[in-house]
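**Q** just the structure for this:
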Amino acid sequence: MGMSFAPRARPPFLEALVYVVLTFVFLIPQSLAPSSRIAYVGDSLESVAIVGFVGHQIVTDPAHMFDAGFLHPQRNALTLTDHRLLPSLTVAPVLWISRNPVLAYNAALLIAFMLAAFGGRSLALALGLGRIPAGFAGALFAFHTYAINEAPRLNIVSHGFVAFALAALLEWLRSGDNRSRWLFAMFLLLQGYSANYHLLYGVLLSVLVIAVFGCAHPRRAVARLPGLVVPGLIAILLFIPVIVPYLRTFSSLELVRSRPRGIDLMHYFSTSPSNWIWGAFGPPARLQQQGPHFVGFVALLLALSGLFLSLRTAGAGARHRTWAFGVAALIVLLVTLSLGDRMTILGSDIGPGPYGFLYDFVPGFKLVRIPERLGLYVMLGVGLLGAASLERLVRNKRRGLALALGAFAVLEHVSPLAITTDIPRPSELPAVYKWLAAQPDEPVVELPVRGEALIRQETVEMFFAAYHHQREPLGYSAYPTLLSKVVRRSLLEFPSDATLNVLSKIGIHRAIVHEGRELAPDLRNQIFNFGPPDKDRRFAEAVAEAQLDVVANTDRAEREGRLVLESRFGPWSAGSLAESGERVYRFDQPSPIRPAPRPRGERVEASRLRLRTKEGDASAAFDDRLETSYVLDRPLRGDEFVEARFGEPIAVSGVEIVLRHESAWPTRFRVAVLGMDGQWTEAAVWDGPHLAQLVEGLLENPRAGTIGFVLNGDPVLGVSLLPQIGATSAAGWSLPELRILERR
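**A** Predicted coordinates for the structure are as follows:
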């Protein structure tokens, strides 16, 4: 049977119209205002910013397509996330004409959902299904609960080329059609140009499809495999312009994900709270991880019926027996993989799952954070089996019933977006960013920084950078660099001498201070969530003692002449965004702060230590292995500690804290020692010289950082690491190594 992308006598105009209408309906209310509305600030606005950056870069500096302006001074920062190149380039004309990255992003979403729908339809046609069943399979693959939940992430819903590739692969395996093997390689290449995430999944699914086909037709599968080599090699060569920047970044940084968490099996019965038909149902669903994966009751019944009909020994549906069992097996495998490294059913951990094999042995999967996204392809299989049921109805002259059931199976997923944000149009661009766009190229920092738990809100600054095109040290990315974390933390105390020194080291001499923005949000959350009844007073005292009032500190620095006011702008409000005004400051090269010296000595073996913590087991931080970490996976309350006591006095010459890109530690902390008198005393504190030490080390070697504290070498009975007043960490602790050094 011919492929859906082959010339056909009846172009699928009706299907295209239906898919356009479904895109509009499923994205309500975002689709009602495509020039100014997105799902929510965060992942949506990151995609908007990337669409804006790529569309601008392709005409101004195409040789540096990955050198986005966020996370300065990191080069090729776009390689720290999924690039979204092809979707962004496809809608670049929309951006050039409208100058509106929000409109271009929403146009990219429309194209992504259309591609997914037609990709699913193409695969269904390749499996021998008719027009109505194939149209249904495409619709369910594109428009289901989890896909709409992932719509804010343009790269995640740009997965349609995978289905096209699988259709071409099946045609090649079955018939040996020469064109199909080239189409298979082309579609995987296009998927790679669209999203790395789904290129990895596409290769995995292709291998699984070949394996399933080989079980039924081993000789044919073995005979066909060599024919994929040349197209595959050419596709790899054409993908090198994308591979090389990623390899350069990965070789300069140590990037890896910890073993990822999947979903509970019951999430496949979890709806979005706004579901039109069923309402809130199943386990609580989140906007990102642990999202709603509702399969659909009618869709599930159709799939089970289609499997039953296909496996019968007689009847019209039996002609689908050759592929239905394989699809069912793949659905089971994909569901199991989506449960993650540890499988959970009804809240109970039932043990390790097969995803651990992918994580440990398959290249690329150590960089994947959310296994549940394999659930997108679960719905492709459900749609194909459901289409087999509809095929039976159509053949039995019950076309109306087939259309009704298919429509209901898709529409039971309609769930209007619960959270939307109105984004400024080009005509509403705030004056400060119009001014900034007219300045010569120069990195800039915006303050006060948002809380560590709110870093996705920094996509607001990334969005406005799509207009002013200046580099900034912060921003949201899948892999924030360790240097960017250190810079963020130093900015909490802007404009201290230490902070200005850090900014100067990375070439920043201009700061925009937003008036009225919330101060120290992580500290506020810490005190308000866990503090005493007089939390307002405690918060004010902590901010004052830790000198975290950026606006007041800036006023003082201006009076002292350490900052020069360059420009000032009044309050503004546009869409759902607003600020109370901005002041722009310049500062010259501050007096340099000498980096703290690094300690010397021999590491004290873990066998000589008795470890104690406020919570958890700290042994992983003392095992001399960087791949393990002491982890306290919750925001700090401020009373945590990591303590090591000795059986006999040790002449401690220093303490080293080894950090990686995913490390977490208090923003303000100190080192205490247990003296021979049994009293704990402060021996060292995290300060400007130690900050300079860490930053200089990271600029020299960004793969990992070490904070070294020199102690006086007196014999002590223990060492403790603990926060200071005003210390926060939204991610708690994650320390690969805490080394205690002994003087010899």
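**Q** beta partners for residue 290?
**A** When assigned by DSSP bridges, residue 290 has beta-bridge partners residue 288.
**Q** just checking, it touches residue 267?
**A** Yes: contact criterion C-beta atoms under 8 Å: residue 290 and residue 267 qualify, at 6.8 Å. (C-beta placed from N, C-alpha, C; glycine too.)
**Q** what's the burial count for the closest residue to residue 221 other than its chain neighbours?
**A** Leaving aside its sequence neighbours, residue 221 sits nearest to residue 214 (C-beta to C-beta, 6 or more residues apart in numbering; 3.6 Å). By other C-beta atoms under 10 Å, 16 other residues sit near residue 214.
**Q** residue 214 and residue 429, how far apart?
**A** According to C-beta to C-beta, to the nearest Å, residue 214 and residue 429 sit 57 Å apart.
**Q** same check on residue 139?
**A** As defined by C-beta to C-beta, residue 139 lies at a distance of 38 Å from residue 429.
**Q** who has more neighbours, those two?
**A** residue 139 (27 against 17).
**Q** quick check: can you list the domain ranges of this structure?
**A** The record's domain parsing of the chain by automatic domain parsing lists 22-158+257-411, 424-586, 602-742.
**Q** redo those domains as TSV? Include distance to residue 593 and mean pLDDT.
**A** Output for the domains of the chain, formatted as TSV (distance: least, C-beta to C-beta, whole Å; pLDDT from 0 to 100):
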stretch	distance to residue 593	mean pLDDT
domain 22-158+257-411	19	93
domain 424-586	5	93
domain 602-742	5	94
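**Q** just say which of these is most tucked in.
**A** With neighbours taken as mean count of other C-beta atoms under 10 Å, the domains of the chain reach their highest mean count in domain 22-158+257-411, at a mean of 21.
**Q** residue 726 against residue 541, yeah?
**A** No: using C-beta under 8 Å, residue 726 makes no contact with residue 541, being 9.5 Å away.
**Q** so where do the helices sit in the stretch 1-150 of the chain?
**A** For the stretch 1-150 of the chain, applying DSSP state H, counting those that start in this stretch gives helices covering 13-26, 43-60, 85-90, 92-98, 101-126, 131-142, 145-149.
**Q** mind listing the helices for the stretch 201-350 of the chain?
**A** Counting by DSSP H, counting those that start in this stretch, the stretch 201-350 of the chain has helices at residues 218-224, 229-252, 297-311, 321-338.
**Q** contacting residues around residue 645?
**A** By C-beta atoms under 8 Å, 6 or more residues apart in numbering, the residues touching residue 645 are 609, 610, 612, 674, 717, 718.
**Q** kindly report the same for residue 374.
**A** Contacts for residue 374 (C-beta under 8 Å, 6+ apart) come out as 201, 334, 337, 338.
**Q** in space, what's closest to it - neighbours in sequence excluded?
**A** Going by C-beta to C-beta, 6+ apart, residue 374 has residue 338 as its nearest residue, at 4.5 Å.
**Q** which residues touch the one you found?
**A** If a contact means C-beta under 8 Å, 6+ apart, then residue 338 has 262, 263, 293, 355, 371, 372, 373, 374, 375, 378 as its contacts.
**Q** how far away is it from residue 256?
**A** Counting by C-beta to C-beta, the gap from residue 338 to residue 256 is 21 Å.
**Q** wait, residue 636 sits on residue 728?
**A** Yes: counting by C-beta under 8 Å, residue 636 touches residue 728, with 6.0 Å between them.
**Q** give me the common contacts of these two.
**A** Counting by C-beta under 8 Å, 6+ apart, the shared contacts of residue 636 and residue 728 are 526, 666.
**Q** distance to residue 116 added to the contacts of residue 374, as JSON lines?
**A** As requested, the contacts of residue 374 are arranged in JSON lines below (distance: C-beta to C-beta, whole Å):
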{"residue": "201", "distance to residue 116": "13"}
{"residue": "334", "distance to residue 116": "16"}
{"residue": "337", "distance to residue 116": "20"}
{"residue": "338", "distance to residue 116": "18"}
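**Q** out of those residues, flag the one nearest to residue 626.
**A** Here the nearest of these to residue 626, counting by C-beta to C-beta, is residue 337; it sits at 28.0 Å.
**Q** isn't the closest one right next to residue 371, touching?
**A** Yes: contact criterion C-beta under 8 Å: residue 337 and residue 371 qualify, at 6.2 Å.
**Q** shared neighbours of the two, anything?
**A** By C-beta under 8 Å, 6+ apart, the residues touching both residue 337 and residue 371 are 262, 355.
**Q** dump the domains of the chain into JSON lines; add distance to residue 14 as well.
**A** Putting those into JSON lines (distance: least, C-beta to C-beta, whole Å) gives the following:
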{"stretch": "domain 22-158+257-411", "distance to residue 14": "8"}
{"stretch": "domain 424-586", "distance to residue 14": "34"}
{"stretch": "domain 602-742", "distance to residue 14": "49"}
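**Q** just tell me which of the ones you listed ends up closest to residue 186.
**A** Checked against C-beta to C-beta, the stretch from the domains of the chain lying closest is domain 22-158+257-411, at 12.4 Å.
**Q** first-to-last residue distance for the closest one?
**A** This stretch, domain 22-158+257-411, spans 9 Å end to end (C-alpha to C-alpha, to the nearest Å).
**Q** report the distance from stretch 460-470 to the chain centre.
**A** 19 Å (C-alpha atoms, centre = their mean, to the nearest Å).
**Q** got the end-to-end distance for stretch 271-281?
**A** Chord length of stretch 271-281, first to last residue, is 5 Å (C-alpha to C-alpha).
**Q** neighbouring contacts of that stretch?
**A** Here stretch 271-281 makes contact (C-beta under 8 Å, 6+ apart) with 145, 148-149, 269-270, 282, 285, 292, 294, 297, 411-418.
**Q** likewise for stretch 132-140?
**A** Residues lying outside stretch 132-140 but in contact with it, judged by C-beta under 8 Å, 6+ apart, are 4, 12, 15, 18-19, 22, 116-125, 129, 296, 299, 379-380, 382-384, 386-388, 390-391, 394, 399, 402-403, 406, 409-410.
**Q** hey, C-alpha coordinates of the longest strand anywhere in the chain in PDB?
**A** Taking DSSP state E as the criterion, the chain has its longest strand at strand 642-659. C-alpha atoms of strand 642-659 as PDB (Å, rounded to 0.1, in the frame of the first residue of the first chain):
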ATOM      1  CA  VAL A 642      26.400  18.600  57.800                       C
ATOM      2  CA  GLU A 643      28.800  17.500  60.600                       C
ATOM      3  CA  ALA A 644      31.800  15.200  60.800                       C
ATOM      4  CA  ARG A 645      33.300  14.300  64.100                       C
ATOM      5  CA  PHE A 646      36.600  12.500  64.700                       C
ATOM      6  CA  GLY A 647      37.500   9.700  67.100                       C
ATOM      7  CA  GLU A 648      40.700  11.500  67.900                       C
ATOM      8  CA  PRO A 649      41.900  15.100  67.400                       C
ATOM      9  CA  ILE A 650      42.900  15.900  63.800                       C
ATOM     10  CA  ALA A 651      45.000  18.900  62.700                       C
ATOM     11  CA  VAL A 652      42.600  20.200  60.100                       C
ATOM     12  CA  SER A 653      44.300  22.500  57.600                       C
ATOM     13  CA  GLY A 654      41.300  23.100  55.400                       C
ATOM     14  CA  VAL A 655      37.900  22.200  54.000                       C
ATOM     15  CA  GLU A 656      37.000  21.800  50.300                       C
ATOM     16  CA  ILE A 657      33.400  21.700  48.900                       C
ATOM     17  CA  VAL A 658      33.300  20.200  45.400                       C
ATOM     18  CA  LEU A 659      30.500  21.400  43.200                       C
END
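**Q** note down every partner strand of that strand and its orientation.
**A** strand 609-613 (antiparallel), strand 705-710 (antiparallel), strand 715-723 (antiparallel), strand 737-742 (antiparallel).
**Q** test my guess that residue 703 contacts residue 251.
**A** No: counting by C-beta under 8 Å, residue 703 sits too far from residue 251 to count as a contact (9.1 Å).
**Q** before we move on, the earlier item: adding distance to residue 68, write the strands paired with strand 642-659 out as a markdown table.
**A** Output for those, formatted as a markdown table (distance: least, C-beta to C-beta, whole Å):
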| stretch | distance to residue 68 |
| --- | --- |
| strand 609-613 | 39 |
| strand 705-710 | 23 |
| strand 715-723 | 34 |
| strand 737-742 | 32 |
